[in-house]
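> coords please:
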Amino acid sequence: EGRWLEALAVLREMSRTSVAANVVSLSSAVAACVRGVQWAQALGLFSTMQAAQQDPNEVSCGAAVSACEKGRRWSMACVLLSEAKHWSIQQNVVMRNSAVSARSPGGFWAPALSMLAEASQHRGQRQFSRKRSHPSADVDVVTYGAVVSASEKGRRWE
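Here you go, the predicted model:
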C-alpha cells in the first residue's frame, strides 16, 4: 500500500530533473494510488495526465474508474466510461465492475441495470458477428453481484 508514496516521489523527481512524465509513468502512479487507497490522489493524477495532453490508456482509465469506485463517485465513473470511447479505450470487465460497484452503495440501481444491459448487448453483437476481438469487455459474476446489490439497496426487486 505504501508504494503510492514512492510513485509520487518518482514523479516529483522526474519533474525536478526536467524529465517529462508520460502516459506510462502517470498511469503507473494512478494505479499505485488506487492500490494504496488514495482515490482522490489517483483522480488528481488522472486529471493531471489529461491537462498535460497525455491520452489515457486502458491502465490509467481503468485505475481512474477504480478510484471512483473506492471514492463512491459513481457519476464520475460514468463520465470516465463514456470518455473511454473518445480515447479509443475498449471497456473491460474490471472497468465495468468498478463503475457498477461505485453505484451500488447508494442504491443507484437504474444506471447499474443500464450498464449491465449495454454490456450484454455489446457481447451479443460480438457473438453475432463472430468477432471476439475484445472478450475483456464482457461482464462476469462480480458485475451481476454489484447490480443485484445496487437493486437491493435501492429496494428494487421488480
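
> S47 and G145, how far apart?
Separation of S47 from G145 (Cβ to Cβ, to the nearest Å): 30 Å. Where you see a C-beta, it was placed from the backbone N, CA and C, and this is true even at glycine.

> which one of these two has more residues nearby?
Applying other Cβ atoms under 10 Å to S47 and G145 shows that G145 carries more neighbours, namely 14 against 11.

> and the more buried one, what element?
G145 is located in helix 141-153, with elements delineated by DSSP states H and E.

> do S75 as well
Under the criterion of DSSP H and E, S75 resides in helix 74-86.

> for this protein, which helix or strand comes out least confident on mean pLDDT?
Taking mean pLDDT, DSSP states H and E as the measure, helix 109-129 is the helix or strand of the chain with the lowest mean score, a mean of 61.

> thinking again about what came up before, quick one: mean pLDDT for the helix or strand just after the helix holding S75?
Later in the chain than helix 74-86, the nearest helix or strand by DSSP H and E is helix 93-103. For helix 93-103, the per-residue pLDDT values average out at 73.

> next, the angle from helix 93-103 to helix 74-86.
Taking axes from the mean of the first three to the mean of the last three Cα atoms, to 10 degrees, one finds helix 93-103 and helix 74-86 inclined to each other by 150 degrees.

> about what we covered before: CA atoms of the helix holding S75 as PDB?
In PDB, the C-alpha atoms belonging to helix 74-86 read as follows (Å, rounded to 0.1, in the frame of the first residue of the first chain):
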ATOM      1  CA  TRP A  74     -20.400   6.900  -9.500                       C
ATOM      2  CA  SER A  75     -21.200   9.900 -11.700                       C
ATOM      3  CA  MET A  76     -17.500  10.400 -12.400                       C
ATOM      4  CA  ALA A  77     -17.200   6.700 -13.200                       C
ATOM      5  CA  CYS A  78     -19.900   7.100 -15.800                       C
ATOM      6  CA  VAL A  79     -18.200  10.100 -17.300                       C
ATOM      7  CA  LEU A  80     -14.900   8.200 -17.500                       C
ATOM      8  CA  LEU A  81     -16.500   5.200 -19.200                       C
ATOM      9  CA  SER A  82     -18.100   7.500 -21.700                       C
ATOM     10  CA  GLU A  83     -14.800   9.300 -22.300                       C
ATOM     11  CA  ALA A  84     -13.000   6.000 -22.700                       C
ATOM     12  CA  LYS A  85     -14.800   5.600 -26.100                       C
ATOM     13  CA  HIS A  86     -13.500   9.000 -27.100                       C
END
